[in-house]
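Chemist: After the sequence you'll find the predicted model.
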2 protein chains.
Amino acid sequence: VPQNPERVGAIIAAAGSGQRMGGVDKLFALLAGEPVLAHTLRAFQTCSAIDEIVLVLSPKNLAQGKLLVEERGWWKVNEVCIGGAERHDSVREGLGRLKGCEWVVIHDGARPLVSQQLINCGLDEAKDCGAAVAAVPVKDTLKIVGPRLEVERTPNRSSFWAVQTPQVFRYDLIRDAYSRPQAPAVDDAVLVERLGHKVKVYKGSYDNLKITTQEDLAIAEVILQRRSSFQ
Amino acid sequence: VPQNPERVGAIIAAAGSGQRMGGVDKLFALLAGEPVLAHTLRAFQTCSAIDEIVLVLSPKNLAQGKLLVEERGWWKVNEVCIGGAERHDSVREGLGRLKGCEWVVIHDGARPLVSQQLINCGLDEAKDCGAAVAAVPVKDTLKIVGPRLEVERTPNRSSFWAVQTPQVFRYDLIRDAYSRPQAPAVDDAVLVERLGHKVKVYKGSYDNLKITTQEDLAIAEVILQRRSSFQ
């Protein structure tokens, strides 16, 4: 894949099965009257820094996803494709379908409250070392707990951050990380970390939650209502 | 303080300043039409395992807190007193005012969604080794981040739990921990851990959130609505 200088692609990873919503697919559950996925896609479509979008879906959502993109006229979405069994399979698939970008923004389809500002911050931060991930400082006290549910240690929480997406990478760096045989990873950044490459953290938002349960959906609804009442 | 076998006291730590609510005191903010603190106190008053309650407040809330307890007729509340500048000062004060208990349940006043079941589970678990804290497995991917916001490490999150209250202790154990000169602590359990004593973790609830912002309050409202619609 040739790289166009400064061109920015986005991969929306949305091939998860969403088993925790009791049969309802979290991506097409309604949030403020619209599918969760529509909120996510709109943020990327309307972000001027984004040149193209690849949407990666599960086989059962492919038709519905294509229809959504078509109906809304979201022309930045170049590809709607099927992902793999695991998240990293889906991201790898997305990387292969980008039309040639210098930068790539990877984002969970189930994080509909992402803002243009969060996307732009990630792109700015990534310029420093080629990799930047959104995260928020952990607010809870953490305990490291052993197999018999005994506390082993209370680490100093001030150095712990909870990772979100967007995760932004120089295209050749993340492509390289994905092309090597690696153990399964909890996020994209860890693949880059394993290469010994620096990854920067930038301040995400506590609002940027991932919808996995019906309750998350209700919470997202509250956040959106509060946002619109402050505008 | 003499100990009565099997007698269980509760300390409701509610002397925090609640600066993050924009002037409104989080403890007396309305949740489903009632002060946050009323929800918390009711859970302990109606829990048959609890024999007495000490409520620790900031000076400015003392009168309002006493009035609340009186109006509701919550007879288990033996003492409503003023806490200290830090949470551990308040808990120490509460420990000194319990009328003689074998067990003590320490709980944040700003966690109104605590259930009787959660209190009872803590008492059961604490019987094993004298100390048990409610906690939930961390759902987010964690990164350990250095001072320049670079990722140092992605720890295996499966051993990390986020701590809540109730935290339940054998009275003499927690009294001993609090009587020693110690560095400030993020929770009560860590004082016991520092003595080299075992602390057990038991499964709390993701719903058992701590109200610190207006948004937390809105989220708690959603959770309560969903609870009542399932009953």
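Modeler: Arrived safely, thanks for sending.

Chemist: For A:Gly84, give me the pLDDT.
Modeler: As predicted, A:Gly84 sits at a pLDDT of 89.

Chemist: I misspoke; the intended subject was A:Ala29.
Modeler: 94.

Chemist: so who does it touch?
Modeler: Going by CB atoms under 8 Å, 6 or more residues apart in numbering or on different chains, A:Ala29 touches A:21, A:35-36, A:211, A:217. (Each C-beta comes from the backbone N, C-alpha and C, glycine too.)

Chemist: next one: phi and psi at the spatially most central residue of chain A?
Modeler: Computing the C-alpha centroid of chain A and ranking residues by CA atoms, centre = their mean puts A:His107 first, at 2.0 Å. Dihedral pair for A:His107: phi -140, psi 140, per degrees, to the nearest 10.

Chemist: same check, this time on A:Asp176
Modeler: phi -60, psi -50.

Chemist: From what I see, it and A:His197 are in contact.
Modeler: No: A:Asp176 is beyond contact range of A:His197, at 9.0 Å (criterion: CB atoms under 8 Å).

Chemist: more crowded one of the two?
Modeler: A:His197 (19 against 15; other CB atoms under 10 Å in any protein chain shown).

Chemist: and that one, that one's in a strand?
Modeler: No: judged by DSSP: H, G, I helix; E, B strand; the rest coil, A:His197 forms no part of a strand; its state is coil.

Chemist: A:Ile144 contacts B:Val163, doesn't it?
Modeler: No: look at A:Ile144 against B:Val163 with CB under 8 Å: they stay out of range, at 11.1 Å.

Chemist: What are the boundaries of the helices in chain A?
Modeler: Remark: helices assigned in chain A by DSSP state H are A:36-45, A:62-72, A:87-97, A:116-129, A:171-179, A:188-194, A:214-229.

Chemist: Show me what the shortest one is packed against.
Modeler: Applying 3 or more CB pairs under 8 Å, 6 or more residues apart in numbering or on different chains; DSSP states H and E, one finds that helix A:188-194 makes contact with helix A:87-97, strand A:131-137, strand A:160-170, helix A:171-179, strand B:151-153.

Chemist: Does anything pack onto the fourth one? Which helices or strands?
Modeler: Just to be clear, that refers to helix A:171-179. helix A:87-97, strand A:103-108, helix A:188-194.

Chemist: what angle separates the second one from strand A:131-137?
Modeler: If I follow you right, that is strand A:103-108. 40 degrees (axes from the mean of the first three to the mean of the last three CA atoms, to 10 degrees).

Chemist: For strand A:103-108, name the packing helices and strands.
Modeler: strand A:8-14, helix A:36-45, helix A:87-97, helix A:116-129, strand A:160-170, helix A:171-179.

Chemist: what do you get for the first one?
Modeler: The contact analysis (3+ CB pairs under 8 Å, 6+ apart) places helix A:87-97 against strand A:8-14, strand A:52-57, strand A:77-82, strand A:103-108, helix A:171-179, helix A:188-194.

Chemist: Give me the contact list for that helix.
Modeler: A:1, A:11-16, A:54, A:56, A:78-79, A:81-84, A:104, A:106, A:171, A:174-175, A:178, A:184-185, A:188, A:191.

Chemist: Give me the buried subset of those.
Modeler: Buried by 16 or more other CB atoms under 10 Å in any protein chain shown: A:11-16, A:54, A:56, A:79, A:81, A:83, A:104, A:106, A:171, A:174-175, A:178, A:185, A:188, A:191, out of these.

Chemist: neighbour count winner among A:Ile144 and B:Val163?
Modeler: In terms of neighbours (other CB under 10 Å), B:Val163 is the more surrounded of A:Ile144 and B:Val163; the figures are 24 against 14.

Chemist: sorry, back to before: quick one, which of the helices and strands packed on helix A:188-194 gets closest to B:Gln64.
Modeler: Closest to B:Gln64 of the helices and strands packed on helix A:188-194, according to CB to CB: strand A:131-137, at 32.3 Å.

Chemist: between that closest one and helix A:116-129, how many degrees?
Modeler: Using the same axes, to 10 degrees: strand A:131-137 against helix A:116-129 is 130 degrees.

Chemist: Between strand A:160-170 and strand A:131-137, find me the angle.
Modeler: Using the same axes, to 10 degrees: strand A:131-137 against strand A:160-170 is 160 degrees.

Chemist: Parallel or antiparallel, list what pairs with strand A:131-137.
Modeler: Its sheet considered, strand A:131-137 pairs with strand A:160-170 (antiparallel), strand A:200-203 (parallel) by DSSP bridges.

Chemist: so of these, which one's packed in deepest?
Modeler: Of the strands paired with strand A:131-137, the one with the most neighbours on average (mean count of other CB atoms under 10 Å in any protein chain shown) is strand A:160-170, at a mean of 25.

Chemist: Over that one, what's the mean pLDDT, rounded is fine.
Modeler: On average, strand A:160-170 scores 97.

Chemist: okay, the angle between that strand and helix A:36-45?
Modeler: Orientation check (the same axes, to 10 degrees): strand A:160-170 against helix A:36-45 gives 60 degrees.

Chemist: and strand A:160-170 with strand A:8-14, angle?
Modeler: Counting by the same axes, to 10 degrees, strand A:160-170 points 130 degrees away from the direction of strand A:8-14.

Chemist: so strand A:160-170 versus helix A:87-97, what angle?
Modeler: Using the same axes, to 10 degrees: strand A:160-170 against helix A:87-97 is 20 degrees.

Chemist: Quick one: the helices and strands packed on helix A:171-179 as a markdown table, columns for mean pLDDT too.
Modeler: Formatted as a markdown table, those follow (pLDDT from 0 to 100):
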| stretch | mean pLDDT |
| --- | --- |
| helix A:87-97 | 94 |
| strand A:103-108 | 98 |
| helix A:188-194 | 94 |
